[in-house]
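Novice: Prediction below, plus the sequence it came from.
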Amino acid sequence: MAKNSKRTKGARENIDREAEYELGAAVKMIKEAATAKFDETIEICMNLNVDPRHADQMVRGVVQLPNGTGKSVRVAVFAKDAKADEAREAGADLVGAEDLAEKIQAGEMDFDRCIATPDMMAVVGRLGKVLGPRGLMPNPKLGTVTPDVAGAIAAQKGGQVEFRVEKAGVIHAGVGKASFTEDAIEANVKAFVDAVVRAKPSGSKGTFIRKVAVSSTMGPGVKIDFASVNS
């Protein structure tokens with residue numbers, strides 16, 4: 001235990017919190033510092049030069065991480081009849097229509113993602129005040145309002161990550177687990193950053209990406225040299 005604690009301390013002390021590191025070096029540091037008793041999530045934080053209070057500076061999108069998130073995702077699907085059967089066969093954790101809406105209204109929210117077929121949006125729309133603040137409202141732009149429920153479920157369970165800039169111009173998301181290989185984490189980070197860069201809004205002027213950093217759940221943040229990611 002003491003040896004493990006000493007190694008963790010050493011890994012943290014080797015990190016210059018003000019320096020920017022090449023992506024590979026940053027990931028190596030993060031993995032060495034992730035010594036909790038559980039499989040820590042690797043998180044990315046991006047500071048953007050935007051003010052999301054303006055519609056033309058909102059940054060939002062979805063990205064399929066090549067190596068998944070390492071997280072088990074529970075998916076709820078609003079669908080009826082044949083589409084409901086399709087959703088169940090595709091591995092949806094909760095499937096329903098008005099009955100599912102009633103459960104959600106009653107506070108039953110045991111899921112991480114929500115998908116709906118287009119014909120169910122009249123029902124789902126009534127749940128805006130419940131699903132919206134939790135980032136769970138189905139959205140056609142994010143692929144979660146679709147007749148292809150099987151494809152949407154596979155994407156959500158296979159590593160699809162939604163992102164949305166917060167008030168301070170910050171985006172953060174989980175991009176893997178500490179148990180992932182360094183190559184897998186690097187590929188996920190690059191895919192995520194690339195998706196955010198492609199989502200640059202028309203109202204953003206000057207340098208879009210101000211800072212990129214990675215960390216583990218319990219570990220310190222490590223700044224990344226953007227040039228080593230955006231290549």
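Specialist: Sure thing, it's come through.
Novice: List the buried residues in the helix or strand hosting residue 86.
Specialist: Element membership of residue 86 [criterion: DSSP states H and E] is helix 81-89. Neighbour counts using 16 or more other C-beta atoms under 10 Å place 83, 84, 86, 87, 88 of helix 81-89 among the buried residues. Using the backbone N, CA and C atoms, a C-beta is placed for each residue, glycine as well.
Novice: again, but for stretch 106-114
Specialist: Of the residues in stretch 106-114, those buried under the neighbour-count criterion (16+ other C-beta under 10 Å) are 111, 112, 113, 114.
Novice: Following the helix or strand of the chain with the lowest mean pLDDT in sequence, what is the next regular element?
Specialist: In the chain, no helix or strand scores lower on mean pLDDT, DSSP states H and E than helix 2-13, which sits at a mean of 50. Moving toward the C-terminus from helix 2-13, the next helix or strand (DSSP H and E) is strand 20-21.
Novice: Pairing partners for that next one, with directions?
Specialist: On the basis of DSSP bridges, the sheet neighbours of strand 20-21 come out as strand 222-224 (parallel).
Novice: Just the residues contacting the partner strand, thanks.
Specialist: Around strand 222-224, the neighbours that count as contacts under C-beta atoms under 8 Å, 6 or more residues apart in numbering are 15, 17-23, 26, 29-30, 189, 211-215.
Novice: Same question for stretch 124-139.
Specialist: By C-beta under 8 Å, 6+ apart, the residues outside stretch 124-139 that reach it are 78, 101, 104-105, 109, 111, 113-116, 121, 144-145, 162, 164.
Novice: Of all these, the one with the weakest confidence?
Specialist: Comparing pLDDT over the contacts of stretch 124-139, residue 162 scores lowest. The value there is 88.
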